[in-house]
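Participant: Sequence first, predicted coordinates after that:
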Amino acid sequence: MSGTGLLFNIQKFSIHDGPGIRTVVFFKGCPLTCYWCSNPESQDGQPCKEARSYTLEEVLKICLEDRLFYEENAGVLPLSSHEYIGGGVTLSGGDPLAQPQFALELLRALRKEHIHTAMETSGFAPPGVFEEISDAVDLLLFDIKHFDNQRHIEGTGVPHDLVLSNLEKALDRSKNVLARLPVIPGYNNSEEDARGFVSLLVSMNIKRLQLLPFHQFGERKYELLGLTYAMKKVKQLHPEDLEDYRNIFLKQEIDCFF
Ligand code: SF4
């Protein structure tokens, strides 16, 4: 083991980033620039006050400290019908794909220790890189931002072709993938948008979808960093605001949940 990774946080006892109790490793850097991003400090891959370099051994040691907790059922199962009910380690960010070598080394080291792994990702990486990483992870938490390419570019700064082809390939190769949809007011939250997503999911034979309602946890960070925030004062969404939206998926037999 030899690599180092630039991380801006390692958070223990999380119950919102995959099944069970988890340690979440936050990678610095992201290939996308979503204007609603709640972790603006994570977007560029540069060292800063919040981030530091960790060796693989160091991260592994921190993750293994909570092995006993991973083996317990947290009693909270954010994945409605997922078969795995223990915990583990989730790679998040930013996007771990911004540091693919370190992500790969960490996933492989955790697998050797029989720790369940998940990765939150935008799926935006060269196909070979994405394939290698998806082979090394147990569960991909794969965010889809928009079904329409032009709207995807407007929201995230990149086209969606690569994202969708990586997703399709992971599904074809029977990888364990949970599709997730961050629901953003004024961007992808209309009923027409929901119908557009349904067509996309049906065409890819995706039968489960987690909705991630827009929240304002990042607002203060933009202020502290002196950055302009396009979503300033936009109201948060709650599951009860999205019942009609969700029903559009359910009617098409997509197991859609929060
Ligand atoms: S993919 Fe996630 S981390 Fe990257 S810019 Fe978008 S919201 Fe932020």
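Facilitator: Happy to help now that I have it.
Participant: Going along the chain, name the strands of this structure.
Facilitator: 4-14, 22-27, 52-55, 88-92, 117-121, 139-143, 177-183, 208-213, 255-257 (DSSP state E).
Participant: Which of these sits closest to residue 154?
Facilitator: Among the strands of the chain, strand 177-183 comes nearest to residue 154, with 14.7 Å by CB to CB. All C-beta spots, glycine's among them, are computed from the backbone N, C-alpha and C.
Participant: contacting residues around that closest one?
Facilitator: 34, 36, 79, 82, 139-145, 167, 170-171, 188-189, 197, 201, 206, 208-214, 237, 242, 245 (CB atoms under 8 Å, 6 or more residues apart in numbering).
Participant: Quick one, which of these are buried?
Facilitator: Neighbour-count burial (16 or more other CB atoms under 10 Å) applied to the contacts of strand 177-183 gives 34, 36, 79, 139-145, 167, 170-171, 188-189, 197, 201, 206, 208-211, 213-214, 237, 242, 245.
Participant: Close to the ligand: what parts of the stretch 1-150 of the chain are there?
Facilitator: Residues of the stretch 1-150 of the chain lying near the ligand by CB under 6 Å from any ligand atom: 30, 32, 33, 34, 37, 39, 42, 43, 93, 94, 95, 122.
Participant: want to throw the residues you listed into CSV with pLDDT?
Facilitator: As requested, those are exported to CSV (pLDDT from 0 to 100):
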residue, pLDDT
30, 96
32, 97
33, 95
34, 97
37, 96
39, 91
42, 87
43, 87
93, 92
94, 93
95, 97
122, 97
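Participant: ok, and the most crowded of these?
Facilitator: Counting neighbours by other CB atoms under 10 Å, residue 94 leads those with 29 neighbours.
Participant: Hmm, residue 30 and that one touching each other?
Facilitator: Yes - with contacts counted by CB atoms under 8 Å, residue 94 reaches residue 30, the gap being 4.3 Å.
Participant: Now list whatever residues contact both of these two.
Facilitator: Common neighbours of residue 94 and residue 30 (CB under 8 Å, 6+ apart) are 42, 43, 45.
Participant: Quick check, the second one in contact with residue 33.
Facilitator: Read it as residue 43. Yes - assessed by CB under 8 Å, residue 43 is found in contact with residue 33 at 6.1 Å.
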